[in-house]
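Asker: Fold the following for me, if possible:
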Amino acid sequence: MTDDQQRQGRQFSDDELQDLVASADSGARAPTNRAVFLLIAGLALSWSLFQLWIAQPQLWFAEYVPALNSSQTRPLHLTFAIVLAFLAYPALKSSPRSYVPLTDWALMAVGGFCTFYIFWFSDHLALTARSGLPTQTQVWIGAIGLLILLEASRRALGPALTIVGSLFLLYAYMGQGWLIPELIEHEGLSFRALINAQWLDTAGVFGIPLGVSTAFVFLFVLFGSLLDKAGAGNYFIKLAFAGLGHLRGGPAKAAVVGSAMTGLISGSSIANVVTTGTFTIPLMKRVGFTSEQAGSVEVASSVNGQIMPPVMGAAAFLMVEFIGISYVEVIKHAFVPAAISYIALVYIVHLEALKKDMPALGEAKSFGGMLLKFFIGFAVAGAVFTALIYLVGALRATVPGLTGPIMMTALLGLYLFLISVAARRPDLEVDDPNDPEIKLPTVAEVYATGLHYILPIVVLVWFLMVERQSPAKSAFYATSLMLAIIITQRPLKALMRGQADQLMTEFKAGFSDLIDGLIAGARNMIGIGVATAAAGIIVATVTKTPIGTELAGLVEQLSGGILFIMLVLVGLFSLILGMGLPTTANYIVVSSLMASVVVSLGAQEGLIVPLIAAHLFVFYFGIMADVTPPVGLASFAAAAVSGGDPIKTGFTAFFYSLRTVALPFLFIYNPTLILYGVDLGTTAGILQAIFVFVIATFAMLLFAAATQGYFLARSRIYESAALLLVAFTLFVPNIWLNMVQDPFERVDPAQFEQVLGELDEGARLRLLIEGPDFNTGAMTQTTLVMDVEGASPQERIQNSGLLLLPEGDTVRMEEPMFGTDASEKLSSFDFYADTPVTLATVQVPRDRLPAQVFYIPALLLLGLVILLQRRRQTKPAF
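Answerer: The predicted model follows:
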């Protein structure tokens with residue numbers, strides 16, 4: 001797109017839009033040579049089949065074919081990614097797209113050899129390089145492989161990750177230099193040690209990020225691709241328009257909900273923008289949104305698809321490995337922020353419609369009535385799912401050996417029933433948004449035509465949430481069902497419609513959809529595979545050099561030891577880095593460097609920040625990469641659809657996304673927002689989660705109203721400030737309570753054992769630890785949380801892993817027992833310095849007012865704003 005085209009706001013054709021998506025996601029090269037075209041398609045198809053093969057949980061073939069371990073599957077995964085990267089992605093924008101140049105064939109062959117070598121000689125590498133004895137041949141293969149990987153990253157993802165990866169490699173090798181700050185200097189790794197750590201070992205390129213891409217991410221991307229090819233994308237968009245299109249500003253509301261649903265299908269913000277935006281953006285413009293606003297609504301809703309459970313972006317699966325928790329836990333912590341973020345965006349769109357007095361498409365309907373129907377539907381679906389859980393539990397208790405076959409038979413029967421329901425209605429056609437006469441469908445006309453698309457999603461959620469299976473196994477079962485659906489839905493519909501003569505034609509069409517879906521899934525994975533491999537360079541550098549700990553010290557110095565300022569710096573760092581990096585790579589880089597720093601600095605301030613909260617903080621700012629001007633790719637894609645200015649679209653989208661920017665700060669200071677510490681296995685825990693969700697939703701709606709300058713009427717500045725204050729209080733009432741009442745009673749360390757004996761088992765207290773820093777020798781402090789477990793004080797101290805030596809009025813500490821939480825959290829202290837590490841203060845929780853008492857003045861202030869605005873209100877608020 002030229003500068004003139006940007007200024008004139010030229011709308012792109014469908015072919016140009018698809019080319020834009022291909023350039024960003026699956027590779028823009030389309031060879032005219034049939035043999036080369038078939039080679040690319042064949043390699044992509046083989047990659048998908050290989051991933052399905054290694055994912056299937058029953059190793060029945062192990063007797064005939066050896067089962068592959070992770071040190072073998074990861075190199076094969078990267079081999080496919082690198083080979084396809086050079087075949088599918090041109091070197092430059094000016095490079096030919098109709099054929100593959102000789103240089104690309106050469107790079108493809110050499111890169112494929114370097115990665116395949118790691119697979120083929122994995123046993124030999126275990127005895128040589130991975131034992132610290134790499135051969136000269138292995139070192140040169142690794143060096144060439146690294147260079148080719150960086151070039152593949154540049155082609156698939158742009159120059160940013162390649163530049164960042166190269167800088168980290170140079171830093172690891174050189175260690176010192178005029179460009180390297182003294183704080184992070186080190187002796188430098190030898191060339192042999194560097195290549196061994198980065199390419200030949202299992203902790204660099206072939207480390208955890210690539211392992212997650214191999215084991216989890218590919219299957220979820222493939223699952224989404226097959227859903228899309230089956231027709232679920234069009235179904236979700238139609239369903240959203242049927243439910244919301246009749247409302248004031250309905251197309252924009254439908255765009256939000258449709259993008260949330262298609263977030264299940266596409267892990268790509270850009271593909272989501274183009275898929276839903278080609279239909280929603282023209283309709284938004286028709287009811288009164290400007291080109292930039294229409295594009296911005298689509299961008300803001302599309303990028304949030306990566307944080308919406310149960311199928312989240314690739315970074316969510318990396319959290320599982322980095323933090324050491326289950327994917328179900330990640331879903332639990334991510335659900336409330338993601339849900340209220342989407343609800344707030346619907347409300348923002350509603351406020352825009354009120355401000356501009358936008359009409360509805362067709363006969364206007366009640367927004368409140370729609371919300372009531374949604375919550376009723378949600379409650380009914382929840383009740384049915386809960387009943388199914390109890391029914392399966394009863395089956396297992398009665399006939400444990402037949403539970404599996406009975407469930408499979410029931411699933412098959414339900415699928416056939418839903419297909420028969422869909423067969424009674426005509427298949428959904430893709431509408432033309434530019435048609436002068438738009439006839440919005442009704443929910444009754446749409447919902448029955450695609451209910452069978454919900455089955456694989458239910459299977460995925462069932463195995464994740466109920467069976468507590470791994471993400472890989474859950475995705476495999478859901479994808480297997482999707483494979484069956486995509487092949488059989490067309491012939492079954494033809495059979496049920498009495499069109500038996502078209503049976504073979506429809507079967508061929510279904511098989512063609514299957515092949516297209518498998519190929520598209522693999523091509524969409526090229527960038528992710530290369531990105532996770534290249535990001536492994538950063539992870540290895542952080543573990544092999546002092547940059548991880550020392551950069552943390554630098555950020556701490558810049559922030560003055562104030563957690564909020566440090567969070568702002570980390571957020572800005574993520575946004576700047578995100579201008580050129582995709583979300584996954586951005587998350588890997590920033591979380592490797594900063595997540596633990598957020599936790600440790602919070603502990604120094606006496607604020608216990610859960611590690612999952614720190615990682616979600618980084619993740620949320622990472623997804624803003626596709627929005628942030630001047631490089632936000634999703635904003636450029638939306639501007640290409642709308643004909644608006646891409647930079648203006650990006651800034652408007654960022655403004656609409658302020659709720660996504662604010663949420664991470666809020667759940668750092670109030671982890672209950674991510675349901676941290678809430679036990680969903682109990683009735684009390686579920687009720688608490690519902691309460692948190694309702695209050696957080698209400699607070700986010702007020703935040704949206706404040707930032708949009710409209711509530712019941714156009715807000716004055718002081719009214720917006722009041723709404724922000726109310727929203728802040730509802731989100732984090734504990735901050736006000738801490739100002740009024742200290743949450744802890746301080747106890748002299750000498751009385752620690754006495755206090756410990758008086759506490760109830762299961763109580764939680766905080767220990768303020770002081771001592772010299774291991775790296776700098778300067779005095780530092782941190783807060784350690786101790787759970788009271790055991791009968792006697794001595795037993796409770798022993799269970800905590802602490803080694804305490806009372807000496808008069810002071811309590812000296814020895815290095816905690818290895819392998820305990822205390823050992824890990826106090827690893828930054830030097831326990832062998834002349835100045836001892838001491839237990840400075842013991843903080844025991846005290847009884848105090850509930851934090852929710854501050855809701856009362858907040859609601860009174862809200863009532864005052866409502867009274868002031870009711871006098872100026874000229875139209876209904878909903």
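Asker: okay, CA-based contacts and neighbour counts for the rest of this
Answerer: Will do.
Asker: in whichever strand or helix holds residue 345, what counts as buried?
Answerer: Here residue 345, judged by DSSP states H and E, is contained in helix 327-355. For helix 327-355, a neighbour-count test (16 or more other CA atoms under 10 Å) marks 327-328, 330-355 as buried.
Asker: Please compute how far it lies from its chain's middle.
Answerer: 14 Å (CA atoms, centre = their mean, to the nearest Å).
Asker: Can you verify my assumption that residue 852 contacts residue 733?
Answerer: Yes: using CA atoms under 8 Å, residue 852 makes contact with residue 733 at a distance of 6.4 Å.
Asker: The two: which is more packed in?
Answerer: Between residue 852 and residue 733, counting by other CA atoms under 10 Å, residue 733 is the more crowded of the two (21 against 13).
Asker: could you say what helices and strands the lengthiest helix in the chain packs with?
Answerer: For the chain, the longest helix by residue count, based on DSSP state H, is helix 503-544. Counting by 3 or more CA pairs under 8 Å, 6 or more residues apart in numbering; DSSP states H and E, the packing neighbours recorded for helix 503-544 are helix 34-55, helix 70-88, helix 136-157, helix 159-174, helix 208-212, helix 218-230, helix 471-496, helix 583-590.
Asker: So for residue 456, which of these sits nearest?
Answerer: helix 471-496 (4.9 Å; CA to CA).
Asker: which parts of that closest one are buried?
Answerer: Applying 16+ other CA under 10 Å to helix 471-496 flags 471-479, 481-483, 485-495 as buried.
Asker: Packing partners of it?
Answerer: Checking 3+ CA pairs under 8 Å, 6+ apart, helix 471-496 ends up next to helix 34-55, helix 218-230, helix 403-423, helix 454-461, helix 503-544.
Asker: Show me which of these has the highest average neighbour count.
Answerer: When the helices and strands packed on helix 471-496 are scored by mean count of other CA atoms under 10 Å, the highest mean neighbour count falls to helix 218-230 (a mean of 27).
Asker: Please enumerate residues in contact with the helix or strand just after it?
Answerer: Per DSSP H and E, the first helix or strand lying C-terminal to helix 218-230 is helix 232-244. Contacting residues not belonging to helix 232-244 are listed as 227-228, 250-251, 253-255, 257-259, 261-262, 265, 275-276, 370, 428, 430, 440-443, 446-447, 449-450, 453 [CA atoms under 8 Å, 6 or more residues apart in numbering].
Asker: Quick one: work out the angle between the next helix or strand after helix 232-244 and helix 232-244.
Answerer: Counting by DSSP H and E, the next helix or strand C-terminal to helix 232-244 is helix 250-262. Angle, helix 250-262 to helix 232-244, by axes from the mean of the first three to the mean of the last three CA atoms, to 10 degrees: 140 degrees.
Asker: returning to what we had before: give the other helices and strands that the helix holding residue 345 contacts.
Answerer: helix 250-262, helix 291-303, helix 314-319, helix 611-623, helix 658-669, helix 683-708.
Asker: Now do it and helix 291-303, the angle between them.
Answerer: Going by the same axes, to 10 degrees, helix 327-355 makes 160 degrees with helix 291-303.
Asker: domain parsing for the protein?
Answerer: 31-201, 744-847 (automatic domain parsing).
Asker: Of the ones you listed, which shows the lowest average pLDDT?
Answerer: The stretch with the lowest mean pLDDT among those is domain 744-847, at a mean of 84.
Asker: Now find how far off-centre that one is within its chain.
Answerer: Counting by CA atoms, centre = their mean, domain 744-847 comes out at 36 Å from the chain centroid.
Asker: And for stretch 380-397?
Answerer: With CA atoms, centre = their mean, you get 29 Å for stretch 380-397.
Asker: Quick check: residue 149 touching residue 113?
Answerer: No: if you go by CA under 8 Å, residue 149 and residue 113 don't touch, sitting 12.0 Å apart.
Asker: who has more neighbours, these two?
Answerer: Using other CA under 10 Å as the criterion, residue 149 and residue 113 rank with residue 149 on top: 27 against 17.
Asker: tell me the contacts of that one?
Answerer: Counted by CA under 8 Å, 6+ apart, residue 149 has contacts 82, 111, 530, 533, 534.
Asker: Contact partners for the second one?
Answerer: Under the criterion of CA under 8 Å, 6+ apart, the neighbours of residue 111 are 79, 82, 83, 144, 145, 148, 149.
Asker: for the last one, same thing?
Answerer: Residues in contact with residue 534 (CA under 8 Å, 6+ apart) are 149, 150, 153, 161, 162, 165, 205.
Asker: Check the fourth one too.
Answerer: The neighbourhood of residue 533, defined by CA under 8 Å, 6+ apart, consists of 78, 149, 205, 206, 207, 209, 210.
Asker: Quick check: phi and psi at the fourth one.
Answerer: Note on residue 206: backbone dihedrals following degrees, to the nearest 10 are phi -100, psi 30.
Asker: where's it relative to residue 160, distance?
Answerer: 20 Å (CA to CA, to the nearest Å).
Asker: Looking at those two now, which is surrounded by more residues?
Answerer: Between residue 206 and residue 160, counting by other CA under 10 Å, residue 206 is the more crowded of the two (30 against 17).
Asker: Mind checking what secondary structure residue 806 has?
Answerer: strand (DSSP: H, G, I helix; E, B strand; the rest coil).
Asker: hang on, the earlier thing: of the contacts of residue 111, which is the most crowded?
Answerer: residue 82 (30 neighbours).
Asker: wait, doesn't that residue sit right on residue 114?
Answerer: No: the pair residue 82 and residue 114 does not pass the contact test of CA under 8 Å, sitting 10.0 Å apart.
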